[in-house]
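S.K.: no sequence for this one, just the structure:
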């Protein structure tokens, strides 16, 4: 489904260069759900941006369903790849209503002069909203600017999966939410991933979550993939083991370890609220 | 009669205000091209009419010329990466020379030519002095409904979403650069149509007639938006036309009675710009004050 061949990305910062992703190769089969953990600056987000096409590669190739998409611009790749960002403000159009946002997402890539919200489509989209189960169907005519961060992110998840993508990219899309909403969005996302059998990559700082969801896990450090756990290995792994691995390699930063400690006490620290 | 003329002007300039609304409110792109494309519309229509062309087709030709000007600004900004304000200013300055080329001289009189308004005045004589008003109103309402209909299409949704968040529309398969170019073309087409209508109605085209189009357009957009608040497309464009009407009526009253308090006709642009400035600043000041109170 998705093949990444020796992908590298080097950013120029003035006269200096920073290599955010170094020689990463990954291969995902259809339906694979890969979680990516690593400290700040490990290159996790950049890797997702390379796959979506938002950031062009410095070297390497990316194949999607066998097609070389290395030089395809992001907006064209978006026909097959969906992505959701951490910031709930960035993924939806605040001046448009909930239903209008969904209509925009459902006519992905086509820009005809047909009405965007026909009666049939309105009915279909309302049913999808109801299926989401967060009560947004009662606020379908509200402008998105009036929604909470959690509601916006729930809407973003529905928008990203409305037209079934081949690959779904999640970049810490629950990190800006309070714990209750984060859990809700995680559940909603996992429901879609399972029912649509989506090939998914998820970046997270939360080790427990990285172990809990998905069938594969990679750890990144300084732009490289250090370690991969798959299937049975991943199912058996525990947070303390991951922490030990990181501590051993001296690759974890404070945030990652602090989060991990909190998770061990089964009391996740509230991240920034929305 | 003062009121009738003010309403006629409010509607004729209202089409330009709809164009400014498209860029300023929908695309979030302050487009200064309009000061040039308004004259382009007037110039193209006037030259066509003076050379025996159909005055109604001249309106359509003006729209096309304005749309081409908008595409140039869109190309400078979206493809060449020139900042939005600068892209508009550069096109506007280029248009000054182009408009002079089209017109051949700085001023063209249409007083003895068969303009659309004169044709209508003769043909719709049962309406008496309201014939021209009816014609302009018809054209303006048609433009409003066309803008409404476009903003409700898939292409229109892409335009609106792109104004909200450029990063987001890319994620849904839309090239934000081409949506910007479409929006700018449509906007400047409307502005040029307005220029062509104003020229035919006023009986002349002048190289300086476009100065301040952006400011009067903004005045209508902001004034209308504060009189009629809504997030529904049809109401938003109605508010723009209402703003344009109120503005033109206020101007007519100021020109008629302003001398009492010492205003002269030449003070108009200063007063308009000052009013727009106040309208732009008030919300920001109010927000700052509210934030201060709530942080106590």
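M.R.: Everything's here; your move. Computed from a predicted structure; not experimentally measured. Numbers count the residues shown, from 1 in each chain, chains lettered A, B, ... in the order given.

S.K.: C-alpha only now, for contacts and for neighbours.
M.R.: Will do.

S.K.: now the helices for the chain?
M.R.: Just going to use chain A. Ranges of helices within chain A are A:44-52, A:74-77, A:98-106, A:119-132, A:149-162, A:179-196, A:207-212, A:231-236, A:239-249, A:254-264, based on DSSP state H.

S.K.: could you do chain B instead?
M.R.: Per DSSP H, chain B carries helices over the ranges B:2-21, B:34-50, B:55-74, B:84-103, B:116-123, B:131-151, B:154-164, B:166-171, B:176-202, B:213-227, B:233-257, B:268-295.

S.K.: reformat the helices of chain A as JSON lines; add mean neighbour count and mean pLDDT.
M.R.: JSON lines is the format used below for the helices of chain A (neighbours: other Cα atoms under 10 Å in any protein chain shown; pLDDT from 0 to 100):
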{"stretch": "helix A:44-52", "mean neighbour count": "24", "mean pLDDT": "90"}
{"stretch": "helix A:74-77", "mean neighbour count": "23", "mean pLDDT": "89"}
{"stretch": "helix A:98-106", "mean neighbour count": "25", "mean pLDDT": "91"}
{"stretch": "helix A:119-132", "mean neighbour count": "15", "mean pLDDT": "89"}
{"stretch": "helix A:149-162", "mean neighbour count": "23", "mean pLDDT": "90"}
{"stretch": "helix A:179-196", "mean neighbour count": "16", "mean pLDDT": "88"}
{"stretch": "helix A:207-212", "mean neighbour count": "19", "mean pLDDT": "82"}
{"stretch": "helix A:231-236", "mean neighbour count": "13", "mean pLDDT": "75"}
{"stretch": "helix A:239-249", "mean neighbour count": "15", "mean pLDDT": "73"}
{"stretch": "helix A:254-264", "mean neighbour count": "17", "mean pLDDT": "54"}
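
S.K.: show me the contacts for residue 41.
M.R.: Here I'm looking at chain A. Residue A:41 is in contact with A:20, A:221-223, counting by Cα atoms under 8 Å, 6 or more residues apart in numbering or on different chains.

S.K.: not quite, I wanted chain B
M.R.: By Cα under 8 Å, 6+ apart, residue B:41 lies in contact with B:59, B:61-63, B:65-66, B:191-196.

S.K.: let me know the pLDDT of the residue nearest to it when sequence neighbours are not counted.
M.R.: Excluding the flanking residues, the one nearest residue B:41 by Cα to Cα, 6 or more residues apart in numbering or on different chains is residue B:192, at 3.9 Å. As predicted, residue B:192 sits at a pLDDT of 98.

S.K.: run a quick neighbour tally on residue B:192.
M.R.: Residues within reach of residue B:192, counting by other Cα atoms under 10 Å in any protein chain shown, total 38.

S.K.: could you measure from it over to residue B:249?
M.R.: Residue B:192 sits 22 Å away from residue B:249, going by Cα to Cα, to the nearest Å.

S.K.: which strand residues bridge the spatially most central residue of chain A?
M.R.: Geometric centre of chain A, nearest residue: residue A:170, 0.2 Å, by Cα atoms, centre = their mean. Following DSSP bridges, residue A:170 is listed with bridge partners residue A:84, residue A:202.

S.K.: quick one: contacts for it?
M.R.: Going by Cα under 8 Å, 6+ apart, residue A:170 touches A:83-85, A:200-203.

S.K.: at 6 Å what do you get?
M.R.: Neighbour list for residue A:170: A:83-84, A:202 [criterion: Cα atoms under 6 Å, 6 or more residues apart in numbering or on different chains].

S.K.: any idea how far chain B is from it?
M.R.: Residue A:170 sits 12 Å away from chain B, going by Cα to the nearest Cα, to the nearest Å.

S.K.: what about the helices of chain A, which gets the closest to chain B?
M.R.: Proximity to chain B (Cα to the nearest Cα) singles out helix A:74-77 among these, at 4.3 Å.

S.K.: name the residues that touch that closest one?
M.R.: Helix A:74-77 is contacted from outside by A:52-54, B:170, B:173-175, using Cα under 6 Å, 6+ apart.

S.K.: just curious, which of the contacts of residue B:41 is nearest to residue A:4?
M.R.: Each of those was scored against residue A:4 by Cα to Cα, and residue B:66 proved nearest at 46.8 Å.

S.K.: tell me how many other residues surround that closest one.
M.R.: 33.

S.K.: got a pLDDT number for it?
M.R.: Confidence for residue B:66, expressed as pLDDT, is 97.

S.K.: from residue B:245, how far off is the residue nearest to it when sequence neighbours are not counted?
M.R.: Nearest non-adjacent residue to residue B:66, counting by Cα to Cα, 6+ apart: residue B:189, 4.2 Å away. Applying Cα to Cα, the value for residue B:189 to residue B:245 is 21 Å.

S.K.: now the strands: where do they sit in the stretch 1-150 of chain A?
M.R.: All strands of the stretch 1-150 of chain A, identified by DSSP state E, counting those that start in this stretch, fall at A:2-13, A:16-28, A:33-38, A:59-64, A:67-68, A:81-84.

S.K.: save these as a markdown table, and put in mean pLDDT and mean neighbour count too.
M.R.: Output for the strands of the stretch 1-150 of chain A, formatted as a markdown table (pLDDT from 0 to 100; neighbours: other Cα atoms under 10 Å in any protein chain shown):
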| stretch | mean pLDDT | mean neighbour count |
| --- | --- | --- |
| strand A:2-13 | 87 | 17 |
| strand A:16-28 | 88 | 16 |
| strand A:33-38 | 89 | 25 |
| strand A:59-64 | 91 | 18 |
| strand A:67-68 | 90 | 12 |
| strand A:81-84 | 90 | 26 |
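
S.K.: okay, those strands in TSV with distance to residue B:82 next?
M.R.: Formatted as TSV, the strands of the stretch 1-150 of chain A follow (distance: least, Cα to Cα, whole Å):
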stretch	distance to residue B:82
strand A:2-13	22
strand A:16-28	26
strand A:33-38	38
strand A:59-64	29
strand A:67-68	32
strand A:81-84	29
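
S.K.: contacts only, for residue B:179.
M.R.: Residue B:179 makes contact with residue B:159 under the criterion Cα under 6 Å, 6+ apart.

S.K.: quick check: residues of chain A near chain B?
M.R.: By Cα under 6 Å from any Cα of the partner chain, the residues of chain A that approach chain B are A:75-76, A:78-79, A:91, A:93, A:108-109, A:111-116.

S.K.: residue of the stretch 1-150 of chain B nearest chain A, please.
M.R.: For the stretch 1-150 of chain B, Cα to the nearest Cα, closest residue to chain A: residue B:150, 7.2 Å.

S.K.: check contacts around that residue.
M.R.: Applying Cα under 6 Å, 6+ apart, the residues near residue B:150 are residue B:156.

S.K.: from residue A:121, how far out is it?
M.R.: Distance from residue B:150 to residue A:121, by Cα to Cα: 18 Å.

S.K.: ok, back up a step: hang on, isn't the residue nearest to residue B:66 packed against residue B:63?
M.R.: Yes: Residue B:189 is within contact range of residue B:63, at 4.2 Å (criterion: Cα atoms under 6 Å).

S.K.: circling back to that earlier point, quick check: which of the helices of chain A is nearest to residue B:80?
M.R.: That would be, of these and by Cα to Cα, helix A:74-77, which comes in at 18.4 Å.

S.K.: starting at the chain centroid, how far to that closest one?
M.R.: Relative to its parent chain, helix A:74-77 has a centroid offset of 16 Å by Cα atoms, centre = their mean, to the nearest Å.
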